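S.K.: What shape does this take:
(one chain, ligands or ions: 1)
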Amino acid sequence: MSALWSTDAQALDTALAHLHAELDRVANAPSPAALVRLEVSFCVTHLPAWLNAQTLLPRLYWRSREAGSIAYAAVGAAHEVASLDELRAALAQSGSTASDYFGGIAFDAAGTAWPGFGACRFVLPRVVVAVSADKTTLALNLRFDGTPHALEIARARDTLAQLVAARPLPHWTPTAFERFDTPDRATWCRWVEEATAPNALAQLPKVVLSRQTRLACIAPPSPWALLARWQARAPHCFHLGAQFTHEDTLIACSPERLYRREQRSLTSEALAGTWPRWVRGHERRNTQALLDDAKNDGENRWVQADITKRLSPLTTQLDVAPAEVVTLPSLYHLRRRVNATLTTAIDDAALLETLPPTPAVGGVPRDRALAFIRTHESHARGWYSGAFGRISRDTSELAVTLRSALVNTKGICLHAGAGIVAGSRPEAEWAELDHKIADVMALLGIA
Ligand SMILES: C=C(O[C@H]1C=CC=C(C(=O)O)[C@@H]1O)C(=O)O
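M.R.: Numbers count the residues shown, from 1 in each chain. Model prediction:
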C-alpha cells in the first residue's frame, strides 16, 4: 500500500487516541449534556474508500450539489428514528448541540418498502467524517437519553474499536449483466396510451410512471466504488448512499433538490421536462428548443404550481424564478427555482409531510396519481423517488432520490420515471427512461 494510504492509518490512530481521552473526560463529568459531540481533526485519502473499508452498519454518504459542499461519510447509529414525529422530537431534544441526522423517506409510505429501509429512517450517526475544502474532521456522537452514561460511553468506545483506516477501493473489473425491465416495453406503451386517453387526462393530467431495470450478475461491483466513479461523472448532482443491512445498498447521483433550509429561508425547485443530449456542440440550440417546447414546459409547470400551492400556507414570502435548463452528461432538464421564507412554526418534519411526492415523481392530483401508480407498477419503488439528505435544527437539505442504483449480491436495480402528460408518446417516453439511466449504464460498461 502506498505512503498515501498509510497516512490514513496514522490519522486514525491519532484521532482514536484523542477521542478516548475525550471520552474519559465525559465519563468523569458530573452530568453530561443530553447530546455530546466530540470532534477531532482527521485525514482521509478518499471518502468513499473509507466508507467501503468500514464493516459497521449503517453506512451513509451525503454531499450536496453546490460547489465547495462538505462531503459526509457516516457509520453506526447513536440514535435512529422511523417516523417524522420521532424526528421532530429528536431535533427538539438536541438543543444547541449541532446534530445532523442523515436518512430518507420512501416515495409512498403505504407502498411496499425495501427491506431494511422502511418508509422513513433517519440516523444520528455514531461516527461522521466530514470533508470540506479546508479541513477534515471525525466526530463522535453520544446521546444520553435514558441510557446509563457508562453504557453509552462503552457503546461509543466499541464503535471506535471497529473503525478501520481507508484502503484503496477494489479494482474495477468489467462484469457481464443480464437485463430485465419491469414493466416491459409493450406494457409500458399500454400504460402511456391509457394515461393519455382524453378522459384519463381529464381526471389525471400528469402521472409519473416508472420502470425498474434489474441487472443480474455474478459479482456486482462495490456500491461505494460505483458511487465514486459515478460522482466524478456527475459533479453538479447530489451524491448519496445508504446501507442499513449487509444485503442492499442504495446509491444515487440526483440532479433534483427537494429543498434546502437555512433557518427560515427555503429553496426548492421544480425539475421536470427532459430532452436527450444526443448531439454535443449544439448546446444553445438544444437548450432553447427545450425552453420553447410546450409539452415539457407544461410538465414542469405542474410541478412548480404544486410546490407553490403546498408551500404557500407555510411561508410568508415566495418567489418563482423563470425556467432555466440544467445540463447533465446525457440529458437536459427544465428547472424553475422556488425561494421562500418559512413561517416560524414550520420545521423539517412539516416540510416532509407536505412537499413530497411532488409531481416531478408522482403526479397531479397527488391522490389520483398515487392510485394509478399503485395499481399499475408491480415493482417496489421503495426509496427511489423519495427523499434523502441531512437534517439539523438550523440547516437541512434533501434531494429527490433519483438516478439511483440499489446494489445487492445478485446485481443492481436501476429505477427511472417519466412524466406522462397530454402529448406524451409511448416510445419517446420509453427512450427517455433509457436516457435517465444512461450515465450509470455507461459506467457499468453496458451500451
Ligand atoms: C422521475 C425522474 O425524473 C424526474 C425529474 C426530472 C425530469 C423528469 C421528467 O422529465 O419526466 C421527472 O419528473 C427520474 O429520473 O426517475
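
S.K.: Check the gap between Thr327 and the ligand for me.
M.R.: As judged by CB to the nearest ligand atom, to the nearest Å, Thr327 and the ligand stand 13 Å apart. C-beta coordinates here come from the backbone N, C-alpha and C atoms, glycine included.

S.K.: That residue: what's it in contact with?
M.R.: Shown in contact with Thr327 (CB atoms under 8 Å, 6 or more residues apart in numbering): 277, 283, 287.

S.K.: Return the set of residues that bridge with it.
M.R.: Counting by DSSP bridges, Thr327 is bridged to Tyr332.

S.K.: One more: Thr136?
M.R.: Beta-bridge partners recorded for Thr136 (DSSP bridges): Val131.

S.K.: Report the distance from stretch 353-372 to the chain centre.
M.R.: Distance of stretch 353-372 from the chain centroid (CA atoms, centre = their mean, to the nearest Å) equals 18 Å.

S.K.: Ok, stretch 313-328 next?
M.R.: Averaging C-alpha positions (CA atoms, centre = their mean) puts stretch 313-328 20 Å from its chain's average.

S.K.: Which residues belonging to that stretch are considered buried?
M.R.: The neighbour-count check on stretch 313-328 (16 or more other CB atoms under 10 Å) flags 314-315, 318, 320, 323, 325-326, 328 as buried.

S.K.: Can you tell me which of those residues is nearest Leu370?
M.R.: Lowest distance from Leu370 to the buried residues of stretch 313-328 (CB to CB) belongs to Leu314, with 21.4 Å.

S.K.: Let me see the contact set for the closest residue to that closest one other than its chain neighbours.
M.R.: Distances taken as CB to CB, 6 or more residues apart in numbering place Ile346 nearest to Leu314, at 4.7 Å, with adjacent residues excluded. Counting by CB under 8 Å, 6+ apart, Ile346 touches 264, 314-315.

S.K.: and Ile346, which of the three is it?
M.R.: Assigned with DSSP: H, G, I helix; E, B strand; the rest coil, Ile346 falls in the coil class.

S.K.: quick one: it and the ligand, what's the gap?
M.R.: From Ile346 to the ligand the distance is 25 Å (CB to the nearest ligand atom).

S.K.: Close to the ligand: what parts of the stretch 201-350 of the chain are there?
M.R.: With the criterion set to CB under 6 Å from any ligand atom, the stretch 201-350 of the chain comes near the ligand through 208, 256, 271-274, 299, 333.

S.K.: Adding neighbour count, distance to Ala232 and secondary structure, write the residues you listed out as TSV.
M.R.: Below are those laid out as TSV (neighbours: other CB atoms under 10 Å; distance: CB to CB, whole Å; DSSP: H, G, I helix; E, B strand; the rest coil):
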residue	neighbour count	distance to Ala232	secondary structure
Val208	26	28	strand
Glu256	27	20	coil
Leu271	25	22	strand
Ala272	28	26	strand
Gly273	28	26	strand
Thr274	22	23	strand
Glu299	26	30	helix
His333	22	20	strand
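
S.K.: want to try a markdown table for the residues you listed, with pLDDT as columns?
M.R.: Converted to a markdown table, those look like this (pLDDT from 0 to 100):
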| residue | pLDDT |
| --- | --- |
| Val208 | 98 |
| Glu256 | 98 |
| Leu271 | 98 |
| Ala272 | 98 |
| Gly273 | 98 |
| Thr274 | 97 |
| Glu299 | 98 |
| His333 | 98 |
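
S.K.: Output those as JSON lines; include the columns distance to Phe144.
M.R.: Formatted as JSON lines, these follow (distance: CB to CB, whole Å):
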{"residue": "Val208", "distance to Phe144": "44"}
{"residue": "Glu256", "distance to Phe144": "38"}
{"residue": "Leu271", "distance to Phe144": "41"}
{"residue": "Ala272", "distance to Phe144": "45"}
{"residue": "Gly273", "distance to Phe144": "49"}
{"residue": "Thr274", "distance to Phe144": "49"}
{"residue": "Glu299", "distance to Phe144": "50"}
{"residue": "His333", "distance to Phe144": "46"}
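
S.K.: Tell me which residues touch whichever residue of the stretch 101-250 of the chain sits closest to the ligand, please.
M.R.: Closest residue of the stretch 101-250 of the chain to the ligand, CB to the nearest ligand atom: Val208 (5.3 Å). By CB under 8 Å, 6+ apart, the residues touching Val208 are 359-363, 369, 373, 385, 417-420.

S.K.: was I right about Cys217 contacting Phe177?
M.R.: Yes. If you go by CB atoms under 8 Å, Cys217 and Phe177 touch, sitting 4.8 Å apart.

S.K.: ok, Leu160 to Thr213 distance?
M.R.: As judged by CB to CB, to the nearest Å, Leu160 and Thr213 stand 40 Å apart.

S.K.: So between these two, which is more surrounded?
M.R.: More crowded of Leu160 and Thr213, by other CB atoms under 10 Å: Thr213, with 22 against 19.

S.K.: Quickly find the element holding that one.
M.R.: If you go by DSSP states H and E, Thr213 is part of strand 206-216.

S.K.: try Ala49
M.R.: Secondary structure assigned from DSSP H and E places Ala49 in helix 47-53.

S.K.: that older thread, among the contacts of Val208, name the ones in strands.
M.R.: Residues from these lying in strands, with DSSP state E as the criterion: 363, 417-420.

S.K.: Of those, just say which sits nearest to Lys309.
M.R.: For the ones in strands among the contacts of Val208, the closest approach to Lys309 (CB to CB) belongs to Gly363, at 14.2 Å.

S.K.: hang on, the earlier thing: Serialize the buried residues of stretch 313-328 to TSV and add fields for pLDDT.
M.R.: Compiled in TSV, the buried residues of stretch 313-328 are given as follows (pLDDT from 0 to 100):
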residue	pLDDT
Leu314	97
Thr315	98
Leu318	98
Val320	98
Ala323	98
Val325	98
Val326	97
Leu328	95
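
S.K.: sorry, back to before: now the helix holding Ala49, how far from the chain's geometric center?
M.R.: Mean-position distance between helix 47-53 and its chain equals 18 Å (CA atoms, centre = their mean).

S.K.: Stretch 399-413 too?
M.R.: How far stretch 399-413 lies from its chain's middle: 11 Å, per CA atoms, centre = their mean.

S.K.: wait, does it contact the ligand?
M.R.: Yes. Stretch 399-413 reaches the ligand (CB under 6 Å from any ligand atom) through 402-403.

S.K.: where does Asp434 land in three-state SS?
M.R.: Secondary structure assignment for Asp434 (three-state DSSP): helix.
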